[in-house]
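> structure for the following, please:
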Amino acid sequence: MKPLRISIAPELREFAGPAVDWVWRQCLTAIGYPWQEVSVGDPCDIAYVVDRDQAAQAQVGIAAAPLRWREPARYRLATITAGKAPLSIHFAEEVHNSLGICSEGERWWLSRDVIFDLFWLLTGQEEQHWSQDAHGFYTLPKLWLDQHVLEQAPASALITALAALLQSAGLGAPLPRWPQGKRAAAAITHDVDYPEVIRWLEPLRILNRQRRQGVGPAWEVLSGQRDHWTFPRWMAFEEHYGVRSAFYFVARQGSLLEYARGTPDPFYDVTTPRFRTLLHTLIEGGWEVGMHASYLAYASRERFAAEKQRLEQAAGVPVLGNRHHYWHVNPAEPAETLQLHAEIGLLYDTSLTHDRYVGWRRGASVPFYPFAPRSQKEIDVVQLPVAWMDAQLAQRSDLTQPQRDAIVCELVDRAAAQQGLFVANVHDYVFDEALFPGWLATLRAALERITARGDFWVATPVTIARHWIDRYQQLLTLSSGLQEGR
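Numbering: from 1, shown residues only. Here you go, the predicted structure:
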């Protein structure tokens, strides 16, 4: 495969070189092109330059906006989209209008700095302007909700549009994104939060959720007729769809007292015989056992590493994937937590999402390697973005069940349109329809849509992560340049 020749404006190198290189690596990797960096003014396929005259020898020229790169945190969605098409799926559907493209014969010029837009989205620049609650959960601004920004996966929409443009410019066929000739990928995941009920407490929770309708189920839990140990049923359910999911277990045992004081870690002990047997059964059956880092794991590298080691000892295999309990990464600087993942030896993480809102938090429906602003380096642990968590829709009383199902199926279709990744997060304890009416139904609707489409590669998260890592390394081996900050 012949690398694309790319030139980068030297003006950007002075203050944003590592960040610019990182964005281009993620973008070209997602599209599937290796690269060769050349000097500005030389014949090339892509010129990312400040002056249009610098792109005279390029097939595709993209306007760089140095002022935005100097102070990216200044910008908000309203200013990013002012006078231009909104950041949405329409970038892929109306490439020319959305990106400000004009053509001169066989050459193309983009007047919009889409590389900055990708940086702004993938690094969560606007998040620092949003309010957070005690758990670090963000409240999205009205503009983001009204435009359905998260559901649109705008970063991936931009990448999709760029890929279409490069194809139009005759730059050759890219490396396929997914195996087996599939268009998109999907993974099902479970946070193991509450597998063993507290029989005197859970009936109260059921009555709080279901009111009068919960009297019967509450009694059944209190009398021991129902519980949350649903793993065999999950396995049978997933067998029906030919799926192997990932179960993320918390290695640190919490308590009711700690929960009441603000540290809401689960109460089970992964080192007991019951859990050791479960872990081995899952692994032998082809399911993935991953880590559900405790609520405060991010605050101490030693604590984080000790949790990983404890789970590995119980499971008898290396633990390669993680999701933080309560999505609780460092609220002030998420990238610091993402860097810890590399330091303790994780292969992938899947913690960047919003607690209350469906969609892709950083705008990407494809895996990517995050960027650390302080060190100006790429973090060497691939991030698998989550599209949907069960509670985001199941706890909304303003939606009917068909509406919940439709929202998630639209996310499946969006992932397919962008050749992306659909990751669902459904908690271990919600399998029981009597205890959690409708919660499983939405996952079933998503799996039915994925199965009916037939163009999804469905695999465990660790399998998907390994594929992306291998693909990235393959492209890096064929490439030269764009190495700052690696």
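> from here on, contacts and neighbour counts on C-alpha atoms
OK.
> just give the number of residues close to residue 177.
20 (other C-alpha atoms under 10 Å).
> OK, contacts around it?
30, 31, 32, 183, 419 (C-alpha atoms under 8 Å, 6 or more residues apart in numbering).
> residue 366 versus that one, what's the distance?
Per C-alpha to C-alpha, to the nearest Å, residue 177 is found 10 Å from residue 366.
> find the residues that touch each one of these two.
30, 419.
> and the contacts of the lengthiest helix in the chain?
If you go by DSSP state H, the chain has its longest helix at helix 10-31. Residues from elsewhere that reach helix 10-31 (C-alpha under 8 Å, 6+ apart): 34-35, 40, 50, 66, 69-70, 115-116, 118-119, 159-160, 163, 174-175, 177, 366, 368-369, 371, 376-378, 471-472, 475, 482-486.
> so for the residue in the chain sticking out farthest from the centre, what's the nearest residue that isn't a sequence neighbour?
The outermost residue of the chain relative to its centre, with distances by C-alpha atoms, centre = their mean, is residue 223 at 40.4 Å. Residue nearest to residue 223 in three dimensions, not counting chain neighbours: residue 199, with 7.9 Å by C-alpha to C-alpha, 6 or more residues apart in numbering.
> thinking that neighbour is in contact with residue 221, fair?
Yes - with contact defined as C-alpha atoms under 8 Å, residue 199 reaches residue 221; the gap is 6.3 Å.
> more neighbours: these two, which one.
residue 221 (21 against 17).
> secondary structure element holding that one?
Assessed by DSSP states H and E, residue 221 sits inside helix 215-222.
> and that helix, which residues are buried?
Using 16 or more other C-alpha atoms under 10 Å as the test for burial, helix 215-222 gives 217, 218, 219, 220, 221, 222.
> which residues does the second one contact?
By C-alpha under 8 Å, 6+ apart, the contact list for residue 218 reads 202, 203, 204, 206, 207.
> if you set the cut-off to 10 Å instead, what comes out?
199-207, 210, 224-226, 434-435 (C-alpha atoms under 10 Å, 6 or more residues apart in numbering).
> send over stretch 160-169 as CSV, restricted to the C-alpha atoms.
Output in CSV follows, covering the C-alpha atoms of stretch 160-169 (Å, rounded to 0.1, in the frame of the first residue of the first chain):
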residue,chain,number,x,y,z
THR,A,160,-16.1,9.8,7.1
ALA,A,161,-16.4,13.0,5.0
LEU,A,162,-12.6,13.2,4.7
ALA,A,163,-12.4,9.6,3.6
ALA,A,164,-15.0,10.3,0.9
LEU,A,165,-13.1,13.3,-0.3
LEU,A,166,-9.8,11.4,-0.5
GLN,A,167,-11.5,8.7,-2.5
SER,A,168,-13.0,11.3,-4.8
ALA,A,169,-9.5,12.7,-5.3
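> please state the offset of that stretch from the chain centre?
23 Å (C-alpha atoms, centre = their mean, to the nearest Å).
> what residues of that stretch count as buried?
Of the residues in stretch 160-169, 160, 161, 162, 163, 165, 166, 169 count as buried by neighbour count, 16+ other C-alpha under 10 Å.
> ditto for stretch 11-18
12, 16, 17, 18.
> okay, these in JSON lines with pLDDT and distance to residue 269 next?
Formatted as JSON lines, those follow (pLDDT from 0 to 100; distance: C-alpha to C-alpha, whole Å):
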{"residue": "12", "pLDDT": "93", "distance to residue 269": "52"}
{"residue": "16", "pLDDT": "96", "distance to residue 269": "47"}
{"residue": "17", "pLDDT": "96", "distance to residue 269": "47"}
{"residue": "18", "pLDDT": "97", "distance to residue 269": "43"}
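> C-terminal to the longest strand along the chain, which secondary structure element comes first?
When the chain is parsed with DSSP state E, its longest strand is strand 184-192. Using DSSP H and E, the helix or strand that follows strand 184-192 towards the C-terminus is helix 202-210.
> other SSEs contacting that following helix?
helix 215-222 (3 or more C-alpha pairs under 10 Å, 6 or more residues apart in numbering; DSSP states H and E).
> dump the helix it packs on to CSV, keeping only the CA atoms.
The C-alpha atoms that make up helix 215-222 are tabulated as CSV, following Å, rounded to 0.1, in the frame of the first residue of the first chain:
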residue,chain,number,x,y,z
VAL,A,215,-44.8,-5.5,45.9
GLY,A,216,-44.7,-9.0,44.5
PRO,A,217,-41.0,-8.8,43.2
ALA,A,218,-39.9,-7.2,46.5
TRP,A,219,-41.4,-10.1,48.5
GLU,A,220,-39.8,-12.6,46.2
VAL,A,221,-36.4,-11.0,46.8
LEU,A,222,-36.9,-10.8,50.5
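> please enumerate the helices of the stretch 101-250 of the chain.
114-122, 142-146, 149-152, 154-168, 202-210, 215-222, 231-240 (DSSP state H, counting those that start in this stretch).
> sounds good, over and out.
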